Each structure stands twice: as C-alpha cells, then as structure tokens.
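Engineer: Quick one, what's the 3D model for this:
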Amino acid sequence: MQITTFLTFVGNQCGRAEEAINFYTSIFPNSEIKSITKYSEGEAGGTPELIKYGIFTLNGVEYGVSESNYNHAWSFTPGVSLFAECGSENQIQTLFDELSSNGGQVMVPLDDYGSENYGFGKKFGWCEDRYGISWQLNLSE
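Structural biologist: Numbering: from 1, shown residues only. As a prediction, this is how the structure comes out:
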C-alpha cells in the first residue's frame, strides 16, 4: 500500500495546477514532474487545458494533482499543510520567501520560537502560497 498526498485545484485555483507544480519543482531540490494527463475534449470534470491527473515529486516525495471545474463547495485549507524539514538557514529562508511571495501570505512569521512555543526545531514558519497551499517550514536541530 502506498499513501500519497493529492492536491485538487478547484474554484479560483482551477487552471493553475501546472503553474504550481512547475513552481514547486523549481524551488525544491531533487524534484520533477513525472507525468501529466489532461482532460479530453468534452470529458466530464474538465477541459483540455486542465490536468486530469498528474504526478510530481518534491525532494523525492511523490504527490498527485488534479483540477476540476465542477462547482465544489471546498478548496484548500490551512488545516492540512505540507510540512518541510529544512537542513540550513539559507534553505528555510529561501523557501519561505519564495512560497510566501507574489500573492502568498505569512501565517506565522519565520523565526526562532523556542521549545516553549512550537518546539519543532531551531526555526519555524507557516505560510500560504499564491495557489492556496499551506506550508509549514521547520529548521531541523
């Protein structure tokens, strides 16, 4: 059995999945787009420019992605986020800056919160990117 995080781009994010995975694979090391299948003309759920199903990796971890132009009553939420363990000050700062810029938002500023607050590591921050995906970044001890 394999369990994979699956991101479904709907609502105002529908049509931005390919842009998002190109962005993610450009900023995380050891990352690639493995496959993208688009909807066929007239196929339910999407149009030919939308991703029906895609697979990409971020630092070797596989993710699934899809887009749907149905009128869903949900989208991404910060209640579920991607948690990235960073290995250096430079890496965490660069990723936090990239992810929170250009329409993203800072939810918890990147800082040293100490073990009495979050206690994950030396530095922690939480942001939402321009695509609505929530990211927690942690500098390992």
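
Engineer: use CA for all of it now, contacts and neighbours both
Structural biologist: Will do.

Engineer: which residue sits farthest out from the middle of this structure?
Structural biologist: residue 42 (28.8 Å; C-alpha atoms, centre = their mean).

Engineer: in a helix, that's where that one is, yeah?
Structural biologist: No. Counting by DSSP: H, G, I helix; E, B strand; the rest coil, residue 42 is located in no helix; its state is coil.

Engineer: Which residues does residue 66 form beta bridges with?
Structural biologist: Residue 66 has these beta-bridge partners by DSSP bridges: residue 8.

Engineer: quick one: it and residue 5 touch, right?
Structural biologist: No. Taking contacts as C-alpha atoms under 8 Å, residue 66 lies outside contact range of residue 5: 11.5 Å.

Engineer: what about those two, which has more around it?
Structural biologist: Applying other C-alpha atoms under 10 Å to residue 66 and residue 5 shows that residue 66 carries more neighbours, namely 23 against 10.

Engineer: residues contacting that one?
Structural biologist: Residue 66 is in contact with 6, 7, 8, 9, 17, 51, 52, 53, 54, counting by C-alpha atoms under 8 Å, 6 or more residues apart in numbering.

Engineer: Just the buried ones among those, please.
Structural biologist: 7, 8, 9, 17, 51, 52, 53, 54 (16 or more other C-alpha atoms under 10 Å).

Engineer: would you turn the residues you listed into CSV with pLDDT?
Structural biologist: CSV is the format used below for the buried ones among the contacts of residue 66 (pLDDT from 0 to 100):
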residue, pLDDT
7, 97
8, 96
9, 97
17, 98
51, 98
52, 97
53, 97
54, 98
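
Engineer: residue boundaries of the helices in this protein?
Structural biologist: For the chain, the helices defined by DSSP state H occupy 17-27, 89-100.

Engineer: how about those in CSV, adding distance to residue 60?
Structural biologist: Below are the helices of the chain laid out as CSV (distance: least, C-alpha to C-alpha, whole Å):
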stretch, distance to residue 60
helix 17-27, 10
helix 89-100, 16
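
Engineer: I'd assumed residue 137 was in contact with residue 83.
Structural biologist: Yes. Assessed by C-alpha under 8 Å, residue 83 is found in contact with residue 137 at 5.9 Å.
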